[in-house]
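Peer 1: Make a model of this:
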Amino acid sequence: MLRRQLAAVGGAVVALVAASLGPAVADPGDGAGWGDGDVWAEADEDSDDGGSSDSESGTDSSSGTSSSTSSGGEVCGTDSGGGLLMEMIGLEGSCAYAPALDTGDPGVVQVVDARAEAERAYDSMDLATAEVHLAPGPPLPTYPNLETWIWVPPSQWQPLELSVTAGSTTVHVEARPVRMEIDSGERDQMKYSAAAIDSDLVCYDAGRPWNKSLGDDAETSCGYTYMTTSSGNPSGGDRYRLTASIIYEGSWTCVGQCTEAGGSLGEAPGPTGTESVDVQERQSVVVD
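Peer 2: Numbers count the residues shown, from 1 in each chain. This is a model prediction of the structure:
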C-alpha cells in the first residue's frame, strides 16, 4: 500500500464519499484522517514488477480492469485512466476513486530554447540612435580640406544589457558598441573633375568631443575631410546630409536549465542619426 496525501478538492468522488459517511476517525498511529483541509488515504498502485499490495488484488477478465479488496471485503474497481484507487483510512470497507491530476509524463520537463529567448531579447533591445555632433558644426559652416570632427556622446558608447527569465531558464544578453558607420553625404566625385570621392567613414569609438580649449594641433579618432562644397548638392539643397549609426555586437549567457551555455548574436545597427553639413568655399584675397 502506498500512502498519499490528496487535496480535499482533488476529486468530487472523494468529497461525496466523505459527505455520505461522515467524519473519519484518524488512526493515531499513522496520522490518517481528515484534518486541515487534507484527505489522507492509502492508495493501491500497480508496481512495475507486477507485485501486489497488502490488499488482495485481482483482474476482471471481462473488463480488463484491476480490483482491490478492502479490509471490509468490499471490492474496489479501478479505471484505466491512471487515477488512484483509495481505501479511506478510518472508514473500513469504504472505497473511492480519484482521477489522475497530472496526465503528463512525470519524468519529462519542458526545456526552454535559451538561444531563441536570447535572440528575441536582442531584437527587443533599445539600441541608441546616434546623436551626431560636428566641429565645425551648425550653424557654422565647414570648408574643403579642413578636417571636420565627428562624435557621439560618450554615454551612447556603453554596453546595453537585458535579462529575461522563462521558467527555470534565465538568459542574459549584452549588446556592445564596436564601431560607428558614417556616410558624409558628399558627392561621389570632384566638382570639376572625374576624381572619385569615398564618402564612407568607419570609426571604432565615440570620437573625441571638441571644445574651445583644444589647440590647432589637437587630433581626433573620428574625422572627415570634405573635398567639395555642398553648393548645388546633387542629392538636393545646398547642404550635405551626414548619417551615422552605431553598430552593436550581441552576446548571451544562460543560467539555470539551459539548452546552451551562451554564444554570439551577431551584429545589429542602431537607428540612424543625421546632421546637415554646410560646406562652403573659402574666399582668399591676393595682396602685395
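Peer 1: List the contacts of Pro144.
Peer 2: Thr225, Tyr226, Met227, Thr228, Thr229, Val279, Glu281, Arg282 (C-beta atoms under 8 Å, 6 or more residues apart in numbering). Where C-beta positions appear, they are placed from N, C-alpha and C, glycine not excepted.
Peer 1: 7 Å - rerun?
Peer 2: Tyr226, Met227, Thr228, Thr229, Val279 (C-beta atoms under 7 Å, 6 or more residues apart in numbering).
Peer 1: of all these, which comes closest to Ser264?
Peer 2: The nearest member of these to Ser264, counting by C-beta to C-beta, is Tyr226 at 36.9 Å.
Peer 1: tally of neighbours for the closest one?
Peer 2: 23 (other C-beta atoms under 10 Å).
Peer 1: For the closest residue in space to it that isn't next to it in sequence, give me its contacts.
Peer 2: In space, and not counting its chain neighbours, Tyr226 is closest to Val279: 4.7 Å by C-beta to C-beta, 6 or more residues apart in numbering. Taking C-beta under 7 Å, 6+ apart, we find Val279 in contact with Pro141, Thr142, Tyr143, Pro144, Tyr226, Thr229, Ser230, Tyr240.
Peer 1: and Val279, what pLDDT?
Peer 2: On the pLDDT scale, Val279 is placed at 96.
Peer 1: try the one 3 residues further on
Peer 2: Listed pLDDT for Arg282 reads 74.
Peer 1: cool, Glu119 as well?
Peer 2: pLDDT, Glu119: 96.
Peer 1: likewise Gly237?
Peer 2: Looking at Gly237, its pLDDT is 87.
Peer 1: circling back to that earlier point, just send the contacts of Pro144 back as TSV, with secondary structure too.
Peer 2: Shown next, in TSV, are the contacts of Pro144 (DSSP: H, G, I helix; E, B strand; the rest coil):
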residue	secondary structure
Tyr226	coil
Met227	coil
Thr228	coil
Thr229	coil
Val279	strand
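Peer 1: so which of the residues you listed would you say is closest to Ile247?
Peer 2: Lowest distance from Ile247 to these (C-beta to C-beta) belongs to Tyr226, with 23.4 Å.
Peer 1: Run through the residues that contact the residue nearest to Glu249 when sequence neighbours are not counted.
Peer 2: Once flanking residues are discounted, Glu249 sits nearest to Val178: 4.8 Å by C-beta to C-beta, 6+ apart. Residues in contact with Val178 (C-beta under 7 Å, 6+ apart) are Ile247, Tyr248, Glu249.
Peer 1: so of those, which ones are in strands?
Peer 2: If you go by DSSP state E, these have Ile247, Tyr248, Glu249 in strands.
Peer 1: Pipe those residues into JSON lines and attach pLDDT per row.
Peer 2: Formatted as JSON lines, the ones in strands among the contacts of Val178 follow (pLDDT from 0 to 100):
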{"residue": "Ile247", "pLDDT": "98"}
{"residue": "Tyr248", "pLDDT": "98"}
{"residue": "Glu249", "pLDDT": "98"}
